[in-house]
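[1] A structural model of the following input is requested.
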Amino acid sequence: MTATGLKSSIGLRSERGPILAAIMLATSLVALDSTIIATAVLTITDQLGGFSQFPWLFSIYLLAQAVTVPIYGKLADMLGRKPVMLFGIAVFALGSLLCGLATSMLGLIIFRAVQGIGAGAVGPMSITIAGDLYTLAERAKVQAYLASVWAMSSVLGPLLGGVFSEYISWRWIFLVNLPLAAVAGWMILRKFTEVAPRRSHRIDYAGAGLLTLGAGALILALLEGGQAWAWNSPVSLALFIGGALVLVLFGLVERRAANPILPLWVLTRRVLVASSLVSLLVGAILLGLTSYVPTFAQGVLGTGALVAGLTVGALTLGWPLMASQAGKIYLRIGFRRTAVIGSSLAAIGAASLLLVDSDSGLLRVALGCFVVGMGMGLVASPTLIAAQASAEWSERGVVTSTNMFARSLGSALGVALFGALVNARIGETDHPAPEVLSPAIHVVFIGVAVMAVVMVGAAAMMPSRTIEVAAGATPEPTAH
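    Predicted structure coming up:
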């Protein structure tokens, strides 16, 4: 029985219900990790030091995730989704264990990279499996289930992060992933059966290496510029110019590669270009706020880690609430209008954050984050689903991973850029004063607002409606 030939019922009690539950649990790993660590930044740096280095906790994770996503996408189209998902869960669990045992900021940063390598498989494979199992119309309803994972994580993540940081130990922020990973892996192993067509394609390791080197050089230049060396120093210029040249070389290699890690045909389809650009900006905006709103709440407004986490949790709560309704909206008015409305909402919410200061209440900050999250829910999922719907099974892994790669790369570059701007204003102190921290973080809010406005233009590039490719265009694997 093919993926499209299964019973039309949707829900956890349906024939596909166990698989849906499994990918929901797997998604929870990435969802929790996106909200739980931000609340513990000041607690971690108090114990391990290196406040100026804390952006690396996000950047290295996101960079590792970004550069491995395209490889996993290619492997998934060659070998099937199941082995890639299981591998990702295992590596994510290993990275979580090592992070929980870290004794220095350098060690924690390195182990976050291991986590990112695992997350590079878990997130995209969850979405790809859902794309295989459900039609475009069904995905509008399935979105509500996947969105509920983010909704629960938006509450539980900051709550657990604050409780662990204040009352137990920040190490449990990572160790809590271990039982979740074990159950998710067991469910995928037992419940998801897939017979995928085997293809003897080579993986573009040269492209992956060049992408890692080029992007890594740019992120290093952004994070350490003005700190470890001057912006106009030979080291800084070498990293910026060298990183750019390596990325140009990466593009040339991809043109000649038999199976490029990022196929150039994705740049020939408007829906894929537009959705990837939106995803890039979504990633930068999301990490800009989740990285610095808790720091603003704690360092400027004087709240504890728990309350700070719940403040930024408003963003990740607004997102799934609107994402759960996005399917109904884009089926009625089309992808473009839905995405433009969502990106406009995000811009309005981001603009409201420009008005907060040390005298503002937490409710004002949380409300701005909530509106941004609502906008994200209307722009992120519809643009990704539009891209998936335009691809055959043999392309869907690459299409999904390209979109997720754009989001991860945007997150990595965004948090690096914001980190550079903040560090340039606060210097090397591990305990910046509120009067210094407030204007520094306002620069982040300005950057987020500008990106949200650009996202409105990117959303307008989306086609109004996307016709889903025929399921029989390429033989799909058996999946149940």
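
[2] tell me the domain ranges of the chain?
    Using automatic domain parsing, the domain parsing of the chain gives 11-194+261-470, 204-260.

[3] of these, flag the one that's most buried.
    Ranked by mean neighbour count, the domains of the chain are led by domain 11-194+261-470 with a mean of 22 (mean count of other Cβ atoms under 10 Å). The C-beta positions use only the backbone N, C-alpha and C, and glycine is treated the same way.

[4] now it: mean pLDDT?
    The pLDDT scores in domain 11-194+261-470 average 82.

[5] report all helices and strands that the lengthiest helix in the chain contacts.
    For the chain, the longest helix by residue count, based on DSSP state H, is helix 393-426. Helix 393-426 sits against helix 55-79, helix 105-133, helix 205-224, helix 270-299, helix 362-389, helix 434-459, with contacts defined as 3 or more Cβ pairs under 8 Å, 6 or more residues apart in numbering; DSSP states H and E.

[6] any chance of those helices in CSV with distance to Ala244 as columns?
    Formatted as CSV, these follow (distance: least, Cβ to Cβ, whole Å):
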stretch, distance to Ala244
helix 55-79, 16
helix 105-133, 23
helix 205-224, 7
helix 270-299, 17
helix 362-389, 27
helix 434-459, 21
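
[7] so which of the ones you listed gets nearest Ile36?
    Closest approach to Ile36 among the helices and strands packed on helix 393-426 (Cβ to Cβ): helix 270-299, 10.3 Å.

[8] element containing the nearest residue to Met376 once chain neighbours are set aside?
    Using Cβ to Cβ, 6 or more residues apart in numbering and skipping the chain neighbours, the partner closest in space to Met376 is Trp319 (4.7 Å). Using DSSP states H and E, Trp319 sits within helix 305-333.

[9] I'd like the next helix or strand past that helix.
    Next element after helix 305-333 (DSSP H and E): helix 335-353.

[10] helices or strands up against that next one?
    Looks like helix 335-353 contacts helix 270-299, helix 305-333, helix 362-389, helix 434-459 (3+ Cβ pairs under 8 Å, 6+ apart).

[11] picking up where we left off before, quick one, which of the helices and strands packed on helix 393-426 gets closest to Gly251.
    Here helix 205-224 is closest among these (Cβ to Cβ), at 9.1 Å.

[12] contact partners of that closest one?
    55-56, 59, 63, 66-68, 70-71, 236, 239-240, 242-247, 249-250, 253-254, 257, 260-262, 409, 412-413, 416-417, 419-420, 423 (Cβ atoms under 8 Å, 6 or more residues apart in numbering).

[13] what's the angle from that helix to helix 55-79?
    160 degrees (axes from the mean of the first three to the mean of the last three Cα atoms, to 10 degrees).

[14] which one of the helices and strands packed on helix 393-426 lies closest to Leu306?
    Among those, the nearest to Leu306 by Cβ to Cβ is helix 270-299 (10.1 Å).

[15] can you give me the offset of that closest one from its chain's centre?
    Centroid displacement of helix 270-299 relative to its chain, using Cα atoms, centre = their mean, to the nearest Å, is 8 Å.

[16] so what's Phe164 closest to, chain neighbours aside?
    Using Cβ to Cβ, 6+ apart and skipping the chain neighbours, the partner closest in space to Phe164 is Trp172 (4.3 Å).

[17] equivalent analysis for Met125, please.
    In space, Met125 is closest to Met85, 4.2 Å off (Cβ to Cβ, 6+ apart).

[18] which element is the one you found on?
    Counting by DSSP H and E, Met85 is found in helix 81-100.

[19] so which elements touch that helix?
    helix 17-36, helix 55-79, helix 105-133, helix 172-175, helix 177-191.

[20] to Leu97, which of those helices lies closest?
    Closest approach to Leu97 among the helices and strands packed on helix 81-100 is made by helix 177-191 (6.3 Å; Cβ to Cβ).

[21] correct me if wrong: Ala113 contacts Ala64.
    Yes - here Ala113 reaches Ala64: they are 4.4 Å apart, a contact under Cβ atoms under 8 Å.

[22] rewinding a little: now the helices and strands packed on helix 81-100 as JSON lines including distance to Gln47?
    Shown next, in JSON lines, are these (distance: least, Cβ to Cβ, whole Å):
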{"stretch": "helix 17-36", "distance to Gln47": "17"}
{"stretch": "helix 55-79", "distance to Gln47": "13"}
{"stretch": "helix 105-133", "distance to Gln47": "9"}
{"stretch": "helix 172-175", "distance to Gln47": "12"}
{"stretch": "helix 177-191", "distance to Gln47": "20"}
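
[23] closest to Ser148 out of these?
    When the helices and strands packed on helix 81-100 are compared by Cβ to Cβ, helix 17-36 sits nearest Ser148, at 7.7 Å.

[24] how much does that closest one deviate in direction from helix 177-191?
    Going by the same axes, to 10 degrees, helix 17-36 makes 160 degrees with helix 177-191.

[25] any idea how far the residue nearest to Gly162 when sequence neighbours are not counted is from Ser165?
    Among residues not flanking Gly162 along the chain, Leu306 sits closest, at 2.8 Å (Cβ to Cβ, 6+ apart). Distance of Leu306 to Ser165, given as Cβ to Cβ, to the nearest Å: 8 Å.

[26] overlap of the contact sets of these two?
    Thr39.

[27] which one of the helices and strands packed on helix 81-100 lies closest to Ala459?
    Nearest of the helices and strands packed on helix 81-100 to Ala459, taken as Cβ to Cβ: helix 105-133 at 19.3 Å.

[28] same for the closest one, what does it pack against?
    helix 17-36, helix 41-48, helix 55-79, helix 81-100, helix 136-167, helix 362-389, helix 393-426, strand 478-479.

[29] and those as a markdown table, adding distance to Arg337?
    Listed next are these as a markdown table, based on distance: least, Cβ to Cβ, whole Å:
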| stretch | distance to Arg337 |
| --- | --- |
| helix 17-36 | 27 |
| helix 41-48 | 38 |
| helix 55-79 | 29 |
| helix 81-100 | 32 |
| helix 136-167 | 15 |
| helix 362-389 | 10 |
| helix 393-426 | 20 |
| strand 478-479 | 33 |
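
[30] among the ones you listed, which comes closest to Val183?
    helix 17-36 (6.2 Å).

[31] now the angle from that closest one to helix 136-167?
    40 degrees.

[32] i'd like the first residue to be 38 from this point on
    Sounds good: first residue 38 from here, last item helix 54-73.

[33] which elements pack onto helix 54-73?
    Helix 54-73 sits against helix 118-137, helix 142-170, helix 173-204, helix 214-228, helix 307-336, helix 342-370, with contacts defined as 3+ Cβ pairs under 8 Å, 6+ apart.

[34] Ile240 is nearest to which of the ones you listed?
    Closest approach to Ile240 among the helices and strands packed on helix 54-73 is made by helix 118-137 (12.0 Å; Cβ to Cβ).

[35] just the CA trace of the closest one, in CSV.
    Extracted in CSV, the C-alpha atoms of helix 118-137 (Å, rounded to 0.1, in the frame of the first residue of the first chain):
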residue,chain,number,x,y,z
ARG,A,118,13.7,8.4,5.5
LYS,A,119,13.8,5.9,8.4
PRO,A,120,17.5,5.2,8.6
VAL,A,121,18.4,8.9,8.4
MET,A,122,15.9,9.7,11.1
LEU,A,123,17.2,7.0,13.5
PHE,A,124,20.8,8.2,12.9
GLY,A,125,19.8,11.8,13.7
ILE,A,126,18.0,10.9,16.9
ALA,A,127,21.0,8.9,18.1
VAL,A,128,23.6,11.6,17.4
PHE,A,129,21.3,14.3,18.9
ALA,A,130,21.0,12.1,22.1
LEU,A,131,24.8,11.7,22.2
GLY,A,132,25.4,15.5,21.9
SER,A,133,22.8,16.1,24.6
LEU,A,134,24.6,13.8,27.0
LEU,A,135,28.0,15.4,26.3
CYS,A,136,26.5,18.9,26.8
GLY,A,137,25.1,17.9,30.1
